[in-house]
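Undergrad: sequence and predicted structure, then a few things I'm wondering about:
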Amino acid sequence: MDQEQLKQRIKQLVAEKNALLMAHNYQRDEVQEIADITGDSLALSMEAARTDKDVIVFCGVHFMAESAAILAPEKTVLLPRVDAGCPMADMVTAEQLRAFKAEHPGATVVTYVNSTAAVKAESDICCTSSNAVNVARSLEAKKLLLVPDRNLGRYIAKQVPEKECVCWEGYCPTHDRLKVEEIEKARAEHPDALFMAHPECTPEILELADHICSTSGMYEFAKSNPAQKFIVGTEQGILWRLKKENPEKEFILPSRALICPNMKLTSLEDILSCLETMEPRITVDEETREKAKLTLDRMLAVPRD
Ligand code: 13P
Ligand code: SF4
């Protein structure tokens, strides 16, 4: 089958199975192109909870499909590539988190959605890159444990100096690779460009940013800002929609290393196969799911900006 035939067959099966095809902003271009909805982790989780479709095909990484399964247990959640994990999510286990909590009794645990269901279940509240600061500010606690991303954690800590923050030492290998010299070089070559960065980048990179936001925040910033050029401090997949929505603007990826191999695993063939077989299906055991859902519900109840 060529690409067009593949896409047609996928569309047919999506309709037949009453499915919703979701793609994270880092997915391959052709996957984003065929998706019913694209978005950041927060938007996709919320849509999964809201949709009246029977089946969710989640083109992203494991923790994202797991969040959909936590929020929408009555739906069939499919992850076309079961091996598409997030290395950062695997940098803390529930057992390690229990030990961390024991070292800091009384602290409130704020866990980035890039985490397993078991880790969420051990937490007090979740956050995403788009609401992390709001979530931290909304809490009465004076001491926060920020898990698992040390970069997002240090970013939050800077925004809420009134709280004591202790960060877990996890990180995103893709964002952590971005170097200060690469930004300086891009800035020197494009002095009129604004630099937008994802909070998973290191503090040294964030120091250089004109705007720090989630992946979807970048679409809003690029569209609403009159600047014509943007240096993009996040994964390469975001370029497809940035360029599509702003054909007159220029987007510069400052490093060739900004590719998440896990996000790039899912192909059209994988999507077709998962719709044909209704596998691999992502489920979460009920006890873990209920506890993890509480942490996501608390996050969703925090007012947005
Ligand atoms: P967003 O929540 O901004 O989509 O980020 C998810 C992610 O995995 C970033 O690496
Ligand atoms: Fe995980 Fe980083 Fe890939 Fe996002 S870009 S899924 S945080 S490894």
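TA: Happy to help now that I have it. Ligands and ions are numbered 1, 2, ... in the order given.
Undergrad: could you pull out the helices for the stretch 201-305 of the chain?
TA: Using DSSP state H, counting those that start in this stretch, the helices of the stretch 201-305 of the chain run over 203-207, 215-224, 239-245, 268-277, 286-301.
Undergrad: for these, give me JSON lines that also has mean neighbour count, distance to P161 and mean pLDDT.
TA: Yep, even glycine has a C-beta here, placed from its N, CA and C like the rest. Shown next, in JSON lines, are those (neighbours: other C-beta atoms under 10 Å; distance: least, C-beta to C-beta, whole Å; pLDDT from 0 to 100):
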{"stretch": "helix 203-207", "mean neighbour count": "16", "distance to P161": "14", "mean pLDDT": "98"}
{"stretch": "helix 215-224", "mean neighbour count": "18", "distance to P161": "22", "mean pLDDT": "94"}
{"stretch": "helix 239-245", "mean neighbour count": "16", "distance to P161": "33", "mean pLDDT": "96"}
{"stretch": "helix 268-277", "mean neighbour count": "18", "distance to P161": "45", "mean pLDDT": "98"}
{"stretch": "helix 286-301", "mean neighbour count": "17", "distance to P161": "22", "mean pLDDT": "96"}
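Undergrad: and ligand 1, which of those helices is closest to it?
TA: Of all the helices of the stretch 201-305 of the chain, the one in closest proximity to ligand 1, counting by C-beta to the nearest ligand atom, is helix 215-224 (3.8 Å).
Undergrad: is the closest one in proximity to ligand 2?
TA: No: judged by C-beta under 6 Å from any ligand atom, helix 215-224 stays clear of ligand 2, getting no closer than 9.1 Å.
Undergrad: with distance to ligand 1 added, can I get the helices of the stretch 201-305 of the chain in CSV?
TA: Converted to CSV, the helices of the stretch 201-305 of the chain look like this (distance: least, C-beta to the nearest ligand atom, whole Å):
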stretch, distance to ligand 1
helix 203-207, 14
helix 215-224, 4
helix 239-245, 12
helix 268-277, 19
helix 286-301, 12
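Undergrad: residue of the stretch 101-250 of the chain closest to ligand 2, please.
TA: C172 (3.2 Å).
Undergrad: quick one: pLDDT of that residue?
TA: At C172, the model reports a pLDDT of 98.
Undergrad: now swap in Q32 and tell me
TA: Model confidence at Q32 (pLDDT) stands at 97.
Undergrad: settle this for me: it is touching G237, isn't it.
TA: Yes: taking C-beta atoms under 8 Å as the definition, Q32 is a contact partner of G237 at 7.2 Å.
Undergrad: anything in contact with each of these two?
TA: N25 (C-beta atoms under 8 Å, 6 or more residues apart in numbering).
Undergrad: is stretch 242-261 up against ligand 2 anywhere?
TA: Yes: under the criterion of C-beta under 6 Å from any ligand atom, stretch 242-261 makes contact with ligand 2 via C260.
Undergrad: and the end-to-end length of that stretch?
TA: One end of stretch 242-261 sits 20 Å from the other (C-alpha to C-alpha, to the nearest Å).
Undergrad: list the buried residues of that stretch.
TA: Buried residues in stretch 242-261, counted by 16 or more other C-beta atoms under 10 Å: 242, 246, 249, 251, 253-255, 258-260.
Undergrad: per-residue pLDDT, the nearest residue to V160 once chain neighbours are set aside?
TA: Nearest non-adjacent residue to V160, counting by C-beta to C-beta, 6 or more residues apart in numbering: A136, 4.8 Å away. Predicted confidence (pLDDT) at A136: the value is 97.
Undergrad: understood, closing this out.
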